[in-house]
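Participant: Here is a sequence together with a model predicted from it:
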Amino acid sequence: MSDLEFENSEFRDFRVPEEKHELYVELRDTASSPLHDANMTDIFLLAFGYGYKKAGREPFKNGRALFQRSSLNESTLWIMKAVAVDEVNTSDILIDNKKIRDITEEYACGGITELHNKVVAPGDSLIALSDDLLKLENRGDL
């Protein structure tokens with residue numbers, strides 16, 4: 001699938017449930033957060049990873065736009081496609097960009113609560129996040 005096909009697909013934005021939008025804002029705006037001043041795209045991608053590896057998918061309907069697809073690079077789009085293929089166990093999904101987006105959003109929806117809880121928990125949230133990444137790396141999941 002070419003970038004042109006993905007760019008010409010039927011959606012523009014990646015969305016999050018309205019009730020979880022505040023979690024993104026808090027992670028970005030809280031001075032003590034290791035994600036302070038990060039852009040929403042990066043926080044979403046971290047939540048997507050947490051959802052994929054730790055929390056699972058959380059379906060939702062009618063979300064709020066968080067960022068535009070055009071802010072993602074080709075490598076990131078291919079990671080999303082790979083996760084979608086892994087999820088449905090067939091490469092047929094590669095022609096369904098909306099379904100790829102839905103799977104990505106659902107993993108991010110599942111992961112944002114886990115990520116938020118790590119960051120706001122007592123202690124050093126940067127160490128907690130680093131420990132999670134090291135555990136995944138040691139298991140060979142990265």
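Facilitator: Nice, I can see it. Numbers count the residues shown, from 1 in each chain.
Participant: could you pull out the helices for the protein?
Facilitator: 3-7, 18-29, 40-50, 74-88, 97-120, 125-139 (DSSP state H).
Participant: Among those helices, which one carries the weakest average confidence?
Facilitator: Of all these, the minimum mean pLDDT falls on helix 3-7 (a mean of 47).
Participant: quick one on the thing from earlier: adding distance to Ala65 and mean neighbour count as columns, could you present the helices of the chain in TSV?
Facilitator: No exception for glycine: its C-beta is placed from N, CA and C like everyone else's. TSV is the format used below for the helices of the chain (distance: least, C-beta to C-beta, whole Å; neighbours: other C-beta atoms under 10 Å):
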stretch	distance to Ala65	mean neighbour count
helix 3-7	17	12
helix 18-29	10	16
helix 40-50	10	21
helix 74-88	17	15
helix 97-120	11	21
helix 125-139	26	13
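Participant: Mind putting the ones you listed into CSV with distance to Gly56?
Facilitator: As requested, the helices of the chain are exported to CSV (distance: least, C-beta to C-beta, whole Å):
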stretch, distance to Gly56
helix 3-7, 25
helix 18-29, 15
helix 40-50, 10
helix 74-88, 11
helix 97-120, 5
helix 125-139, 15
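Participant: Can you check which of those helices gets nearest to Phe60?
Facilitator: Phe60 lies closest to helix 97-120 among the helices of the chain, at 5.6 Å (C-beta to C-beta).
Participant: From the contact counts, what lies against the closest one?
Facilitator: strand 13-16, helix 18-29, helix 40-50, helix 74-88, helix 125-139 (3 or more C-beta pairs under 8 Å, 6 or more residues apart in numbering; DSSP states H and E).
Participant: Mind putting these into TSV with distance to Glu114?
Facilitator: Formatted as TSV, those follow (distance: least, C-beta to C-beta, whole Å):
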stretch	distance to Glu114
strand 13-16	14
helix 18-29	10
helix 40-50	5
helix 74-88	16
helix 125-139	9
